[in-house]
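Visitor: The following comprises the amino acid sequence and a computationally predicted model.
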Amino acid sequence: MKKLFLFFALFLTTLGTQAQQRWQQHIDYEMDVMVDAQNFTYKGQQKMVYTNHSPDTLRKVFIHLYYNAFQPNSEMDIRLQTIADPDERMVKTFKVAEKTIKESKIKDLKPTEIGFLKLSNISQDGLPVVANVHETIAEITLATPLLPQQKTTFQLNFEGQVPVMIRRAGRNSAEGVALSMAQWYPKMAEYDFEGWHPDPYIGREFHGVWGNFDVKITIGKEYMLGGTGYLQNKNEIGKGYQDEGIILKKLPKKQKTLTWHFIAPQVHDFTWAADKDFIHDKIIGENGVELHFLYKNNPEIIEKWKALQPKTAQLLSYFNTHIGTYPYKQYSIIQGGDGGMEYAMCTLITGKRSLPSLVGVTAHEMAHSWFQHVLAFNESKHSWMDEGFTSYISDAAMYELMPPKEKLVNIFEDSYKGYIKLAKSGKEQSLTTHSDRYTYNNAYGNAAYSKGTVFLSQLGYVIGNENLSKTLKRFYKEFKFKHPNPNDFKRTAEKVSGAVLDWYLIDFAQTTNTIDYAIQAVTETENQTQVSLKRIGLMPMPLDILVKYTNGTQAYYHIPNPLMRWVKPNPYPALAWNIQKGWDWGKPTYELLIPSPKTTIQSITIDPQGFMADVNKENNEVLLN
């Protein structure tokens with residue numbers, strides 16, 4: 001009987017553990033692609049083995065066909081024509097009768113300039129199926145429903161045309177890179193605990209299924225390639241990829257093409273770029289990670305790209321230390337695209353930059369590898385986590401690697417300014433807004449990048465920077481390869497610090513409530529100084545108030561936020577830390593008593609270092625003597 005009891009106890013414990021685990025769908029891609037670089041077209045065969053780890057029976061799947069967005073009258077095209085502030089990279093600007101006109105670059109594309117991706121001969125486990133295609137999404141009703149914990153195999157042919165360079169992917173970039181091949185293949189949409197995510201492509205963010213890629217790309221032998229994955233046939237390719245001791249295979253003189261064979265394990269995307277004039281350099285970074293650099297043979301940029309390389313190794317080390325270990329053995333920085341964009345195991349960036357700009361864009365896009373390509377948020381829904389967390393850590397890295405001439409108290413000051421400008425503009429939308437649904441491009445940028453950065457920096461003010469650092473590391477360790485969401489991060493911060501932080505996530509990320517505290521009056525009573533404070537904004541915060549005395553001494557008065565059920569430790573060990581009673585949110589005013597005469601106080605300042613995103617700092621300080 002005792003053994004039976006232990007068996008059932010173990011069984012129930014196992015069920016509880018399994019319930020806490022987060023399932024992930026999985027896909028294995030095999031692709032064999034023939035590229036006609038002269039005509040910017042390609043044809044391929046694709047095999048997808050899709051495993052359903054969900055508890056649900058699937059009766060349909062969705063496939064992204066991103067290149068179909070680059071066609072006149074597509075949703076992306078119409079969005080460019082109707083949004084008030086279209087992406088400058090995607091429009092043509094000219095003047096008519098002193099009026100500035102901005103036109104979509106997609107609107108007038110010719111048939112030979114558009115992008116497209118077409119599917120044919122689709123089958124599921126040998127049975128034919130039909131794709132119902134609507135612009136960038138193909139919906140396939142399964143021949144046989146896919147049961148939980150089962151897998152199915154899709155096979156298909158695809159044909160694509162690379163669009164002229166308009167956004168991220170395309171041919172003949174402004175800097176002369178022949179092919180920037182991002183989002184170029186039929187890509188399975190993600191299915192998770194929230195359901196399917198078949199988001200149409202209108203120029204913003206992505207979400208993908210974890211999987212393994214086996215990709216063969218056949219292209220003219222004069223082209224150099226770089227991108228996602230480990231090159232499998234180095235002895236056939238050469239071009240700087242071969243390892244020491246490998247004897248290069250001699251190719252027939254009449255052979256006009258080379259086949260590049262890449263394997264990429266546990267990624268949710270596959271990107272590559274190609275050009276006839278690429279220089280390829282390689283250095284070894286921390287933990288034996290190969291760092292590849294592919295850039296145009298242009299005398300104007302070569303010296304800067306050489307100088308970028310040791311900085312990239314330093315960035316790898318910084319992110320390993322401050323987030324967690326990079327899990328792959330390769331990362332490539334490739335000239336291409338239209339600015340800077342992160343991809344699995346690589347980035348495409350424009351290369352004609354100053355060295356600080358080159359290092360800065362590399363820092364940002366490389367940091368995405370930890371957040372977008374290992375943690376892999378659904379950036380369509382939570383772009384602020386991807387862009388904001390990436391901006392936070394890359395700004396911190398740049399401050400250490402290439403510090404400014406003058407030391408900054410708050411190295412994220414520009415992000416605070418961007419967010420506060422947005423909050424005052426009347427154009428702010430909640431961070432819960434889907435990336436495609438922002439009314440203004442500028443509002444999206446300041447929300448995702450600036451407010452997302454402030455979310456982390458300000459959290460350091462709330463729970464202490466040491467706790468924030470521990471939170472980032474624990475979050476990465478526990479949620480890599482799991483597509484975490486905002487609540488996962490909040491819960492991690494709570495576990496690390498001991499504070500209750502639901503209020504912080506709700507107010508700052510799920511509303512447009514603002515922070516605004518004011519010093520209304522300072523009066524003296526019986527050798528005490530009474531400071532009358534008011535909460536004007538709707539968002540509550542704990543307050544750090546610095547009191548400077550006329551004799552040169554200083555002290556902090558900390559007013560806890562009772563919603564936290566926790567009080568942070570002294571972040572300023574060299575100064576007195578006077579913890580006061582909490583300030584309840586339902587009470588808009590608060591009286592702070594300082595046990596010193598008013599005549600001995602020089603100034604009183606709320607959050608003097610500026611880590612709290614108070615939208616009106618003019619009422620945060622009073623000068624007395």
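Guide: Yep, that arrived. Numbering: from 1, shown residues only.

Visitor: how about Thr257, what does it touch?
Guide: With Cβ atoms under 8 Å, 6 or more residues apart in numbering as the criterion, the residues that contact Thr257 are Thr218, Ile219, Gly220, Lys221. (Each C-beta comes from the backbone N, C-alpha and C, glycine too.)

Visitor: Quick check, Gly44 in contact with Val33.
Guide: Yes: if you go by Cβ atoms under 8 Å, Gly44 and Val33 touch, sitting 3.8 Å apart.

Visitor: Skip the chain neighbours and tell me the closest residue to Gly337.
Guide: The spatially closest residue to Gly337, leaving aside those adjacent along the chain, is Leu348, at 3.6 Å (Cβ to Cβ, 6 or more residues apart in numbering).

Visitor: That neighbour: neighbouring residues, count only.
Guide: Leu348 has 31 neighbouring residues, counting by other Cβ atoms under 10 Å.

Visitor: What distance do you get for it to Gln124?
Guide: 33 Å (Cβ to Cβ, to the nearest Å).

Visitor: sorry, back to before: make a markdown table from the contacts of Thr257 and add secondary structure, neighbour count and pLDDT to it.
Guide: Formatted as a markdown table, the entries for the contacts of Thr257 read as follows, by DSSP: H, G, I helix; E, B strand; the rest coil; neighbours: other Cβ atoms under 10 Å; pLDDT from 0 to 100:
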| residue | secondary structure | neighbour count | pLDDT |
| --- | --- | --- | --- |
| Thr218 | strand | 18 | 98 |
| Ile219 | strand | 23 | 98 |
| Gly220 | strand | 15 | 97 |
| Lys221 | coil | 13 | 96 |
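
Visitor: excluding its backbone neighbours, what's nearest Pro86?
Guide: Once flanking residues are discounted, Pro86 sits nearest to Leu80: 4.8 Å by Cβ to Cβ, 6+ apart.

Visitor: Surely that neighbour touches Arg89?
Guide: No: under the criterion of Cβ under 8 Å, Leu80 makes no contact with Arg89, lying 10.5 Å away.

Visitor: neighbour-wise, which of these two wins?
Guide: Comparing Leu80 with Arg89 by neighbour count (other Cβ under 10 Å), the higher total belongs to Leu80, at 23 against 15.

Visitor: is it true that that one lies in a strand?
Guide: No: counting by DSSP: H, G, I helix; E, B strand; the rest coil, Leu80 is not found in a strand; it is helix.

Visitor: contacting residues around it?
Guide: Residues in contact with Leu80 (Cβ under 8 Å, 6+ apart) are Pro86, Asp87, Met90, Val91, Ser104, Lys105, Ile106, Lys107, Gly203.

Visitor: How about stretch 335-355, which residues are buried there?
Guide: Neighbour-count burial for stretch 335-355, with 16 or more other Cβ atoms under 10 Å as criterion, is recorded at 335-338, 340-353.

Visitor: Helices along the stretch 351-500 of the chain, start to end?
Guide: Secondary structure of the stretch 351-500 of the chain by DSSP state H, counting those that start in this stretch: the helices cover 355-370, 383, 389-401, 413-425, 441-445, 452-463, 465-479, 486-497.

Visitor: Using JSON lines, lay out those together with mean pLDDT and distance to Asp544.
Guide: As requested, the helices of the stretch 351-500 of the chain are exported to JSON lines (pLDDT from 0 to 100; distance: least, Cβ to Cβ, whole Å):
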{"stretch": "helix 355-370", "mean pLDDT": "98", "distance to Asp544": "29"}
{"stretch": "helix 383", "mean pLDDT": "97", "distance to Asp544": "30"}
{"stretch": "helix 389-401", "mean pLDDT": "98", "distance to Asp544": "20"}
{"stretch": "helix 413-425", "mean pLDDT": "98", "distance to Asp544": "16"}
{"stretch": "helix 441-445", "mean pLDDT": "97", "distance to Asp544": "30"}
{"stretch": "helix 452-463", "mean pLDDT": "98", "distance to Asp544": "8"}
{"stretch": "helix 465-479", "mean pLDDT": "98", "distance to Asp544": "13"}
{"stretch": "helix 486-497", "mean pLDDT": "98", "distance to Asp544": "16"}
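
Visitor: I'd like those helices as a markdown table, with distance to Met48 appended.
Guide: Rendered in a markdown table, the data for the helices of the stretch 351-500 of the chain read as follows (distance: least, Cβ to Cβ, whole Å):
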| stretch | distance to Met48 |
| --- | --- |
| helix 355-370 | 24 |
| helix 383 | 27 |
| helix 389-401 | 29 |
| helix 413-425 | 40 |
| helix 441-445 | 32 |
| helix 452-463 | 33 |
| helix 465-479 | 26 |
| helix 486-497 | 28 |
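
Visitor: Pick the most deeply packed of those helices.
Guide: When you average the neighbours per residue for each of the helices of the stretch 351-500 of the chain (mean count of other Cβ atoms under 10 Å), helix 383 leads with a mean of 26.

Visitor: How about residues contacting that helix?
Guide: Residues outside helix 383 that contact it (Cβ under 8 Å, 6+ apart): Arg204, Glu205, Ser435, Tyr444, Ala447, Ala448, Gly452.

Visitor: Return the member of these nearest to Tyr476.
Guide: Closest approach to Tyr476 among the contacts of helix 383 (Cβ to Cβ): Gly452, at 16.6 Å.

Visitor: In this structure that closest one contacts His382, no?
Guide: No: when contacts are counted by Cβ under 8 Å, Gly452 is not listed as touching His382 (9.1 Å).

Visitor: right, so of the helices of the stretch 351-500 of the chain, which gets closest to Gln38?
Guide: Among the helices of the stretch 351-500 of the chain, the nearest to Gln38 by Cβ to Cβ is helix 355-370 (29.9 Å).

Visitor: Could you find the closest non-adjacent residue to Gly464?
Guide: Nearest one to Gly464, counting by Cβ to Cβ, 6+ apart, is Lys568 at 5.1 Å.

Visitor: my guess is that neighbour contacts Ile463, does it?
Guide: Yes: with contact defined as Cβ under 8 Å, Lys568 reaches Ile463; the gap is 6.0 Å.

Visitor: Tell me where the model's unsure across this structure.
Guide: Within the chain, the stretches with pLDDT under 70 are 1-20.

Visitor: domains for it, by residue range?
Guide: 20-71+109-272, 401-509, 517-623 (automatic domain parsing).

Visitor: which one is Phe206 nearest to, not counting chain neighbours?
Guide: Distances taken as Cβ to Cβ, 6+ apart put Glu379 closest to Phe206, at 6.4 Å, once the chain neighbours are dropped.

Visitor: list the helices and strands the biggest helix by length in the chain packs on?
Guide: In the chain, with assignment by DSSP state H, the single longest helix is helix 302-322. In terms of contacts (3 or more Cβ pairs under 8 Å, 6 or more residues apart in numbering; DSSP states H and E), helix 302-322 is packed against strand 278-284, strand 290-296, strand 330-335, helix 355-370, helix 389-401, helix 465-479.
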